[in-house]
Every structure is written in structure tokens, then in C-alpha cells.
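Peer 1: Quick one: sequence plus predicted model below, questions after.
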Number of protein chains: 2
Amino acid sequence: MTTSAVHTPRGPVTRKDVARYAGVSTAVVSYVVNGGPKKVAPATEAKVQDAIRILGYRPNATARALKMGSNQTVGLVIPDSSNPFWALLGHAVEVAAGERGYALLLTNSDNKLDSERRHIRNLAARQVDGVVLASVMFEPDLLELVGAGIRSVLLNHASVAPGFNSVGVDLEAGARLAVEHLISHGHKSIGLAMGITADNEADGREAGWLRALQAAGLPPGPLARGGFDRPGGYAAGQRLLASPKRPTAIFASSDMQAIGVLRAIREAGLSVPEDIALASFDGSVEAEYSWPALTTVEQPVWEMAEAAVSALVGEDRNEPPQHRVFPTQLRIRQSCGCP
Amino acid sequence: MTTSAVHTPRGPVTRKDVARYAGVSTAVVSYVVNGGPKKVAPATEAKVQDAIRILGYRPNATARALKMGSNQTVGLVIPDSSNPFWALLGHAVEVAAGERGYALLLTNSDNKLDSERRHIRNLAARQVDGVVLASVMFEPDLLELVGAGIRSVLLNHASVAPGFNSVGVDLEAGARLAVEHLISHGHKSIGLAMGITADNEADGREAGWLRALQAAGLPPGPLARGGFDRPGGYAAGQRLLASPKRPTAIFASSDMQAIGVLRAIREAGLSVPEDIALASFDGSVEAEYSWPALTTVEQPVWEMAEAAVSALVGEDRNEPPQHRVFPTQLRIRQSCGCP
DNA sequence: GCGTTTTGTTGACTCGAGTAGATCGTAGTG
DNA sequence: CACTACGATCTACTCGAGTCAACAAAACGC
């Protein structure tokens, strides 16, 4: 004869079961579980706590969410979570959300617009409390969808959409930092391996590269476009190396691209930074452990995630939409030619 | 004068609003939205569809979840989503779940037991339909928690817990594959950079390394333990290099560790594979783009994720718990000494 | 034309929890 | 001792959607 058999109902234990077992009403159970909004006598509270423990009651978060109109969840849409930069961002968002008691619904848009749109629709239906949209693309459709009552933050997006929160870094300033550093090493021909932004908006990194060169009175070096990922960088790197006047330095718009470029350079029998210097953008861990370690423009991912989540469900939830731009920092390592 | 203002209620549009607008009962709206369980006359259906479109109605997934007892969500607990291997796994799980209409709640345990336990509790309260538990740790507590009605899959865990689904690879066979390959290159002293498994269960990779050496009549080389990540591998690598009899080859229990080892080797002024050959475990993208490219034992991450999700919410949802072991494949590149 | 199916629609109850408002009992005051 | 004030508790409604039993109307058979 087991101890738990008598009163244990089949199926999941609900508030009602606890109430019956403790000999109180369901309201009291709620008051005990939530510590309010009404007081409960200590003796009653103890009875209820016992019942909860004995029956193994766990409140149904879905029911709570229905009643309260919030399921304590934020959604995140990123292009590809197997890309280390996005993975890190996802991690940071999860932590920032977790600190506030929110869980993270993660979705990958895979750089496809319809996929992204589907995910946003889905997140909206699931009544998430907010969504962080780290999209390379951008469509008015998205505005409408997300605008339908759900708070959202655009991450690192070029266009500053009215009515939307946005969080990002100063891409142009960051790129200038890196290119200027390459220039300071004496390079006169600096190529650019640029990622492809689907909306064809001018990317700040490209502008920064150009400005830095102009400011130094240098002509723009060769430019090759490819995906922001390793294969994209590899392909872009090969094209840069094959250009009529091979650059002596290359700035890549992402760390992953730089790693691809690195491979292209090596396969060409050249070495970094002796033959070609390299700098990139993002500041991911892979940059640190690459060989040579990559000089890169670091994005304050944790702060950005924190700011994004805060705008969604944090203290500044009710403020009007903000556009926060974070500074970047040049993380100097060996790929640029520094010792 | 806007077209939508007249009948649009304030706040989110519910089934009731649609019903009122279309002049039907709420039941009919449900039937239209779900295509059942009862038929609706074409003319009525059209009216309802119009109302839905005009009012911009989207069904509240939370309410649906409450009624149906499922919120079409699976949970994933991994040690650290900024580790590429786990990031890839997360991506694969998300895709597998997405194909079945399920969303992914992602949590990082950060390798901490209490954090892991908290997340599982949270996932349970949120009534997820299943959880994939990729824990390095293991505690009976977890069994109890997850066992409380929620289907779960243990990923790549050494101990085969009864009543639990599990999905993993044959760690020992995989490790043997790699070590045997190093032996075939003529190496007689092969060190092991082993990750730390918190539950101190014997890890198959260690066993495989040992067995391969024994089978070849070789003495076990030096062994160093560290985290499964890059810093862990770096530290382990330094210790292996400093060991009295320096090994001529090293097998690392993860790609990330191998990348750390690579750095240690380079900082010691040695080169791979000339001075020290290297092979590792996981088969992540970083291994491919490392220099030299890492020879590694590839885990079939996509198949594993597919199997895990399928056991949770797929076709074989109602079968008794299974233990699926997938084969690994040796992906030969340059770090082992092959051309 | 009448009884019988078929088809279409509806009202009402349900899921599990939050909480306002009503109710009960008791302690405190005059 | 009557009467208020208050603390503790319960009743009952709500959130939004799924679906069954019940019913009305139309289609059918003979």
C-alpha cells in the first residue's frame, strides 16, 4: 500500500485537486502559490503547502498565461543560429530574458524572407511578449505583422523604422576603426570582402571602409561580395586575390568571412599578415582562436542583447521606441600585422 | 474615413468579435479556422473568412494550448549555445521540430546543475510537449522532474536511463576510428585531451582511445583533462606538451578542444601535422575551416536531432522508450598528416 | 404529403488559474 | 450586549478557443 495512492488523482494535478486535498477553496491555493493578492492564515498556508508538496502540484503556466495575457516569453528571429555570432547573440538574449523570468523561443529564418515571415506570424500567434528581429532582410510586411500589438526590437538593422525599437552598433565607425588601423600599418591597397545584405541597403561597413580610404587619400581597393559566412568569405577572398591589382590588406565584414578569406589566402600559398593583412568585424570567439588571431571590431553583444530585451519586457518597456547605437571596439591581435 | 474603423474592437480581436461581425456563432468561426470537426456551408465560410481578414483576427495560441493540452513546443537544454557544436544541434532540433509545427524553447544550462534543474522545472511548468536534454551532468532529480508526464530524450549521454529515450553516437567506436587512423600514420605515442564530464561517468571517447592503443600493442600516451571548449583544450594541450614524454599525436575529445590544442602547439613553436598530428571529435564546421583543417570524427547531428524530435512529438511518440545509437564517420583532412 | 435522413448552426460546457465581490466569523469598541 | 471593523475564506466570473449535444431547416424517399 503506497502512501500517495489514496488522494492522488490520475492525470496532472490541478489547483482543484490541491484545494480538495487541503480542504480549502481554489482561491486560497492561488493566494498561497502567488503570495497574494489576499492574505492567508499561517495554518491554512501550511496545509496548502503540504498538499502541494504531497500531490506534486505545479501550476499550469499555459492557463496562467491565458488569464494574464502574457506567457513570459520572448521570440528571437536570427538568420542562422549555427553561425557563431548569432549563436552568441542568441545566448546573450536568452540570458537577458532569463534574468527577467522570460523564456526564449528561438527561430532561424535561414536568410529566407518567407521563412522569416512565417516565424514572425507564428511568434505573434503564440502571444510572445516581444520579439527581437535580427533580420538581414526587411519588408514593410514585417512591420505590419509585428506592429500588431507585439513589442519588437530590430537588431543591427540599417534602416531605422519609425515606431520600432532598434539596437545596433555604429557599423560605419567600426569599419573605419579597422581600416584606419590597416592604413596605419602602411597599406595602400585595402580590399573589402563584403557580406550580402538582402535588402540592398547600403551597409555601414562598406561606407566606413570607403570613408577611411578617402580620408587617407587612398583609392578604394577591390571589393567582392559573398555571404556573411565562411564559404562566402572564402569565395570573396579568392576573387580579391585574383583581382588585377592584388590588395595588401583585406577588411572582411564579418569574422566568419575573414576565416574564409584566411583559407583562400593560405590556399594561394600566401601568409597572413606577412603577405596580406586582415581585419574583420564582429569580435566572436573564433576570431580569437584563429591562427593568426584576427584583429577584429568587437560588437558589445551582451550589452546589445540586454538593451533589446530591456526594451521589450524590461524597465523601459513603456517608453516610446528608442534607437540605441552602441560603440564598437577595435580588438587588436595578429592578423593585421601587430606583433 | 478608414475602412476598418467601424467594427474594429479595441484590443486584440477574438473569435467572438469575428463571430459577431460575420453574424454567426463562435463555434462556426472555430470550424472555419480549423477546417472542422464540423462542416460549414460555403456561403457562411466566405462570410467568416471575410470577417477574419477584415478584422485581422489571429487565433490565440495560448487559449488553444490550454484547451488542447499542448502548446506545440519542445524544450531544449544544452550546456552552452555559443559552443558551435551545441549551436548546430540547436539549429537541427529547431528545424526538426519546425517541420512538425513545433517551436523551440531554448535554454542554456551553462554546465551548472542547478541552472539545468531550474530550466527543466520551468519547461515542465510551461507544458512543453517534450524536452531534449543534452546535459553533461545527470541527476536522479532530473528523472523525477522530467518523468512527470513530459516526454524527454537524453542526448549523447553515457548512462542509458530506463524509461527514457536516448539518442547518441557510439563514442567509443568513433574515438577508436580516429586513434586507429593516427596509429596508421605510424604514431606510437598518442596523447588524449579529454573533456570533463561532470558526472564522472567513464566517457566512451576515453575508452575508445585506450582500446585502440591496446589493440595496437601501444602504451597509453599522456592524458590531460579540461573543459570541452577552446580554453579547456588550450590548457590540456599545454599540459600534454609539457609531459615528460611528449606525444607525437593528440586526440581531442571535441573539435573546440582541438582548436585550443592547436593554439598551444603553435605557441610552443611546433607545427601540425609535422611535429604533432591531431584528430578530434564532433565534426563541426570550425574543424573544416581551421588551419590545418582538422581530421575529425563526425557526428550525424541532423539525424540525431531528427530522431530526438521524432521520439518526442513525431510518429514514434507512442512507442516505448528507445535508445538509438548512431554511427560516426571519420572525416579525414590535414591535421592528421594526410595530404 | 408525411416521415426520415442529412446538413448547418448554435448554445453551453470545458480546459486551469487569477481575483473581485460576497460571506462568514470573530475581535474590538462604546 | 449590540454593533462595527476587520481578517479569512469562498463563490463565481473571466481569459479565448475546441467541440458535443441539441436543434432547426432543408433534402430526400415513398
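Peer 2: On my side now, so go ahead. Numbers count the residues shown, from 1 in each chain, chains lettered A, B, ... in the order given.

Peer 1: CA only for contacts and neighbour counts going forward, please
Peer 2: OK.

Peer 1: okay, now the residue in the stretch 51-200 of chain A that DNA strand C sits nearest to: neighbour count?
Peer 2: Residue of the stretch 51-200 of chain A nearest DNA strand C, by Cα to the nearest atom of the strand: A:P59 (3.3 Å). By other Cα atoms under 10 Å in any protein chain shown, the residues close to A:P59 number 19.

Peer 1: My understanding was that it contacts A:P12; is that so?
Peer 2: No: contact criterion Cα atoms under 8 Å: A:P59 and A:P12 do not qualify, at 9.9 Å.

Peer 1: With adjacent residues omitted, what lies nearest to the residue of the stretch 51-200 of chain A closest to DNA strand C?
Peer 2: In space, and not counting its chain neighbours, A:P59 is closest to B:A125: 6.5 Å by Cα to Cα, 6 or more residues apart in numbering or on different chains.

Peer 1: show me the contacts for A:V48.
Peer 2: A:V18, A:A19, A:A22, A:V29, A:V32 (Cα atoms under 8 Å, 6 or more residues apart in numbering or on different chains).

Peer 1: Name the secondary structure element that contains the second one.
Peer 2: I take that to be A:A19. helix A:15-22 (DSSP states H and E).

Peer 1: Would you map the helices across chain A?
Peer 2: Ranges of helices within chain A are A:15-22, A:26-34, A:42-55, A:61-68, A:84-99, A:113-125, A:140-147, A:171-184, A:204-215, A:230-242, A:255-267, A:285-289, A:301-313, based on DSSP state H.

Peer 1: what's the domain layout of chain A?
Peer 2: A:15-59, A:72-170+A:301-328, A:171-299 (automatic domain parsing).

Peer 1: Figure out which of those is closest to B:A92.
Peer 2: domain A:72-170+A:301-328 (9.0 Å; Cα to Cα).

Peer 1: Specify the stretch among the domains of chain A that is closest to DNA strand D.
Peer 2: DNA strand D lies closest, by Cα to the nearest atom of the strand, to one member of these: domain A:15-59, at 3.5 Å.

Peer 1: Around chain B, pick out the residues from chain A.
Peer 2: By Cα under 8 Å from any Cα of the partner chain, the residues of chain A that approach chain B are A:12, A:58-63, A:65-66, A:80-84, A:87-88, A:90-91, A:94, A:103-108, A:125-127, A:149, A:230, A:259-260, A:263, A:289-291.

Peer 1: hang on, the earlier thing: mind checking pLDDT for the residue nearest to A:P59?
Peer 2: In this model, B:A125 is scored at 83, pLDDT.

Peer 1: How many neighbouring residues does it have?
Peer 2: 14.

Peer 1: before we move on, back to that, show the buried residues in the residues of chain A next to chain B.
Peer 2: Buried members of the residues of chain A next to chain B, scored by 16 or more other Cα atoms under 10 Å in any protein chain shown, are A:58-63, A:65-66, A:80-84, A:87-88, A:90-91, A:94, A:103-108, A:126-127, A:230, A:259-260, A:263, A:289-291.

Peer 1: so which of those residues also contact DNA strand D?
Peer 2: The subset of these lying close to DNA strand D, counting by Cα under 7 Å from any atom of the strand, consists of A:A63, A:L66.

Peer 1: Identify whichever of the helices of chain A lies nearest to B:Q238.
Peer 2: B:Q238 lies closest to helix A:285-289 among the helices of chain A, at 14.9 Å (Cα to Cα).

Peer 1: got the buried residues for the closest one?
Peer 2: With burial defined by 16+ other Cα under 10 Å, the residues of helix A:285-289 counted as buried are A:V285, A:E286, A:A287, A:E288, A:Y289.
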